[in-house]
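Colleague: any chance you could fold what I've pasted below:
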Amino acid sequence: MEYKISEVVKRTQIPKSTILYYIREGLLPEAKKLKSNVHRYSNEHIELLEYIKYMKQEMGSSNEQIKTILQNKNQSLSSSFSRIAPLMQTLGNISKDTKHYTKKAFIKEYKIDALFLDELLNDDILMPLGDDDFTQKEAFVVNLVKKFQEIGVDYTILKKYVHHAKILAELEYKMQKELCAMRDDQNFSTLWKIMFETLFNAKEYIFNRATHKVMHSALKEEILKK
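Modeller: Below is the predicted model:
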C-alpha cells in the first residue's frame, strides 16, 4: 500500500520535517517518486518510523545507534521493526492502564521508608523499568519483603532469586546471540518463534516442573519418615 506523506504523518504522529530528516540521515529509504514533488511512502516506511520512535523513546537510542542496528540487521534481533516492542512490553509485564509513580510519589502513596526502598533497589530486589518509574508491581514486592520481616525471616531467599535470575538472563542473552549468528531472511520468523517460546512457555514449564519435582520428592521423603 502507498501513502502520501500527510497520511504517514497522521499514522505515525511524526512531523513531516522529521520524516524528511530521517531520509536525509539514511534511517529511512527514499520515497517512491512519481513526479516532481509527488512522492509515495510504503508500509516499510511506517513500520520503520514506529521502530525509530520506539527505540528513541524507550531505549534512548541515538540516530547513529539506530542506523548501525539497521545496517547490521542480519546480525541482530533488535532490528526487527514489529517484534522488539511487543517483546520488551511482554518482558516488562506492565499493562497499558497501569498507574505510574515517581519515586517520591511512590513512597508517599504506599507509605514506604525511603532508606528501605533504596536498600531494595541496591539489592536489585526492586527493578523498576525506568529510573523514576514505579508501579504496583514494585509495591507488591515491597509488601512481600515486609511480610518476611514481620515474621522475623530474612529475605535472603529473594536475593538468591535475583542472583539466579541474572544468571538465567545471561543464558537467555547467549541464546539470542547464538540465534542471531544463524539468522537469514528465510529463518528469521522461526528464530523469533524459538526465542518467544523459550522465554514464555519453556521457561514457565521448566521452572514450575522443577519446583513440583523438588516438592514432590520432599513430601514423599517426609511421608516415609512417619
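Colleague: now do the most centrally placed residue in the chain against Ile5, distance only.
Modeller: Centroid-nearest residue in the chain: Met88, 2.1 Å away (criterion: CA atoms, centre = their mean). Met88 is 29 Å from Ile5, where distance means CB to CB, to the nearest Å. In short, each C-beta sits where N, CA and C put it, glycine included.
Colleague: so after whichever helix in the chain runs longest, what's the next helix or strand?
Modeller: The single longest helix within the chain, with elements called by DSSP state H, is helix 156-181. Once the chain leaves helix 156-181, the next helix or strand it forms, by DSSP states H and E, is helix 188-197.
Colleague: got a list of contacts for that following helix?
Modeller: Contacts to helix 188-197, defined as CB atoms under 8 Å, 6 or more residues apart in numbering, come from residues 77, 80, 83, 87, 175-176, 179-180, 182-183.
Colleague: and stretch 119-126, by the same measure?
Modeller: 117, 128, 138, 141-142, 145, 155, 158-159, 162, 166.
Colleague: what are the buried residues along that stretch?
Modeller: Buried residues in stretch 119-126, counted by 16 or more other CB atoms under 10 Å: 120, 125-126.
Colleague: same check on stretch 202-216?
Modeller: For stretch 202-216, using 16+ other CB under 10 Å, no residue counts as buried.
Colleague: now do stretch 144-159
Modeller: For stretch 144-159, by 16+ other CB under 10 Å, it's 145, 155, 158.
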